[in-house]
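Enquirer: The following block contains a protein sequence and its predicted model.
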Amino acid sequence: MTKMEEASQYFSQELLTWYRRQRRDLPWRLSRDPYRIWVSEIMLQQTRVDTVIPYYNRFMDKFPTAAALAEAPEEEVLKCWEGLGYYSRARNLQAGAREVVLKYGGMVPDDKSAVAGLKGVGPYTSGAIMSIAFNRPEPAVDGNVMRVLSRYFCLEDDIAKPATRVSIEKLAVSLIPDGAAGDFNQALMELGALVCTPKSPGCLTCPVMEHCKGRLEGREGELPIKTKAKPPRPEQRVAAIVLGSGANAGKVLVRRRPDTGLLAQMWELPHLLLAKDKAGLLDESMPKEQQELAELLGKLLHDETSLLIRPRRWFLDTDHVFSHIHWKMRVYLADLGGEGLTAEKAEAYGIAAEAASGYMDAGRAEGDFAFGSISGERAGASDLYASAAIAVAERELPKEYAWIGPEDMDVLPFPNIFLRILRDFWE
DNA sequence: AAGCCGGGGCA
DNA sequence: TGCCCAGGCTT
């Protein structure tokens, strides 16, 4: 037996024994229901165990079977996923559940290619489901496994490269003890999560330290080798909390994001992305810059809704970092002009002047911006505000917009950044 | 191969 | 603050 073979056999045996003694009691380890394993593995993609647990329990409570998930309204599924991130996981999972119902009678099939073909199920997840739920000897190689094996066998391949995952999969399969695929794969990940951690690995408590090549060569700290990700690009955004009035008193204006792309189909505060040449405005907090931002915001929202939206004062600045974008957001409180106007009234009064002066009144309230420079543009702007004022009385909101109160937050899915802002506002 | 897609925990 | 994730999809 070569040294490598000996180290491999030792590794598999000791790790399996360690796991069966040390395994954590996790909600998805209470049964081997493939659906329950599947849901857990999707949630655990790029997400820590402690974060997932409460989501998992709620989700299984609400959607206990593939059939239940398949039947649910999409927005309800998204709401259950709210705050967990990577929301396409939720949509893909539901699409997968529908496929399982239609093609396999609601039972996840004990079939590798069928499982691997489900939406949102890639090489890692299919391996995890096949091994954990069906005890099939498939590799389930995630970042944890790549880290553990890189250290144990002192592998110097860049784990950021797809080819490295493929080669580590081959190694991982060869390590699976007969008849113990599920436990072994979980053992590998459990070791990575509890002992062979990214920063300061707990070698002294590691069940396989004795033959760990990385450790023996004193290189556990520099493994695995991984190229760094690019830093997220900054984006400056300006949002409004628009206070409703009349029938919408106590409510705020929100809108639903497009069907695809970042935070698809989630709800948000209406806001705009500052063009490059305007991005600097966010760093300047002088009244002049504040005013220009407020005007840009008012104009954009008027274009989209035909409402006369008047940013009244600064509310807060906040940051939100996604994996590839860094949002720097300023939020204004805003209200509406032109309420109570009818088309008849507008004609009778000569609405242009009235709307413009209403806008000016807004600027004079205590604590508000000085809208002094508006008066210089008053003549030109008045037509815009006049038509907006009439629109307030006559037009419906575009379909992606809605007025909502605090109670609606319990139904509509919002990404974390807007959840925080709105909770802050209603507090 | 590189970019897109969230969020939280930790030193 | 920067770095790390129990990945998969699109281009």
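Expert: Perfect, I can see it now.

Enquirer: going forward, measure contacts between C-alpha atoms and count neighbours the same way
Expert: Fine.

Enquirer: wait, doesn't residue A:269 sit right on residue A:254?
Expert: Yes: in terms of C-alpha atoms under 8 Å, residue A:269 counts as a neighbour of residue A:254; the distance is 4.9 Å.

Enquirer: Which residue of those two possesses the greater neighbour count?
Expert: residue A:269 (24 against 19; other C-alpha atoms under 10 Å).

Enquirer: who touches that one in this structure?
Expert: Applying C-alpha atoms under 8 Å, 6 or more residues apart in numbering, one finds that residue A:269 lies in contact with A:239-241, A:253-255, A:418.

Enquirer: Restricting to the residues you listed, which residues neighbour DNA strand B?
Expert: For DNA strand B, no contacts are drawn from the contacts of residue A:269 by C-alpha under 7 Å from any atom of the strand.

Enquirer: Highest neighbour count among these?
Expert: residue A:240 (29 neighbours).

Enquirer: which non-adjacent residue is nearest that residue?
Expert: residue A:332 (4.8 Å; C-alpha to C-alpha, 6 or more residues apart in numbering).

Enquirer: average pLDDT across stretch A:129-149?
Expert: Across stretch A:129-149, pLDDT averages out at 95.

Enquirer: Check whether it comes into contact with DNA strand B.
Expert: No: using C-alpha under 7 Å from any atom of the strand, stretch A:129-149 stays clear of DNA strand B, with a minimum separation of 12.2 Å.

Enquirer: Can you tell me the SS state at residue A:64?
Expert: Under DSSP: H, G, I helix; E, B strand; the rest coil, residue A:64 falls in the coil class.

Enquirer: Now do residue A:91: how many residues are near it, please.
Expert: 19.

Enquirer: need the contact list for it.
Expert: A:74, A:77-78.

Enquirer: does it sit in a helix or strand, and which one?
Expert: helix A:88-104 (DSSP states H and E).

Enquirer: thought residue A:211 was touching residue A:7?
Expert: Yes: using C-alpha under 8 Å, residue A:211 is in contact with residue A:7, at 6.0 Å.

Enquirer: got the buried residues for stretch A:215-229?
Expert: A:215, A:220, A:223-225 (16 or more other C-alpha atoms under 10 Å).

Enquirer: how close does residue A:63 sit to residue A:251?
Expert: 31 Å (C-alpha to C-alpha, to the nearest Å).

Enquirer: Of those two, which one has the most company?
Expert: Between residue A:63 and residue A:251, counting by other C-alpha under 10 Å, residue A:251 is the more crowded of the two (20 against 17).

Enquirer: Give me the nearest residue to that one, chain neighbours excluded.
Expert: Spatial nearest neighbour of residue A:251, excluding adjacent residues (C-alpha to C-alpha, 6+ apart): residue A:405 at 4.5 Å.

Enquirer: for that neighbour, what are its contacts?
Expert: Here residue A:405 is in contact with A:250-252 (criterion: C-alpha under 8 Å, 6+ apart).

Enquirer: what does residue A:267 give?
Expert: Contacts of residue A:267 by C-alpha under 8 Å, 6+ apart are A:254-257, A:412-415.

Enquirer: can I get those in TSV with pLDDT and distance to DNA strand C?
Expert: Conversion of the contacts of residue A:267 to TSV gives the following (pLDDT from 0 to 100; distance: C-alpha to the nearest atom of the strand, whole Å):
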residue	pLDDT	distance to DNA strand C
A:254	96	27
A:255	96	24
A:256	95	21
A:257	94	18
A:412	96	23
A:413	96	19
A:414	95	19
A:415	94	16
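
Enquirer: As TSV, the residues you listed with secondary structure would be great.
Expert: As requested, the contacts of residue A:267 are exported to TSV (three-state DSSP):
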residue	secondary structure
A:254	strand
A:255	strand
A:256	strand
A:257	coil
A:412	coil
A:413	coil
A:414	coil
A:415	coil
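
Enquirer: Then residue A:12 would be within a helix, right?
Expert: Yes: assessed by three-state DSSP, residue A:12 belongs to a helix.

Enquirer: Tell me who's in contact with it.
Expert: Residue A:12 neighbours (C-alpha under 8 Å, 6+ apart): A:175-177, A:184.

Enquirer: can you rerun that using 7 Å?
Expert: A:175-177 (C-alpha atoms under 7 Å, 6 or more residues apart in numbering).

Enquirer: likewise residue A:213?
Expert: Residue A:213 neighbours (C-alpha under 7 Å, 6+ apart): A:151-154.

Enquirer: Show me which of those residues is closest to DNA strand B.
Expert: Of all the contacts of residue A:213, DNA strand B sits closest to residue A:151, with 19.0 Å by C-alpha to the nearest atom of the strand.
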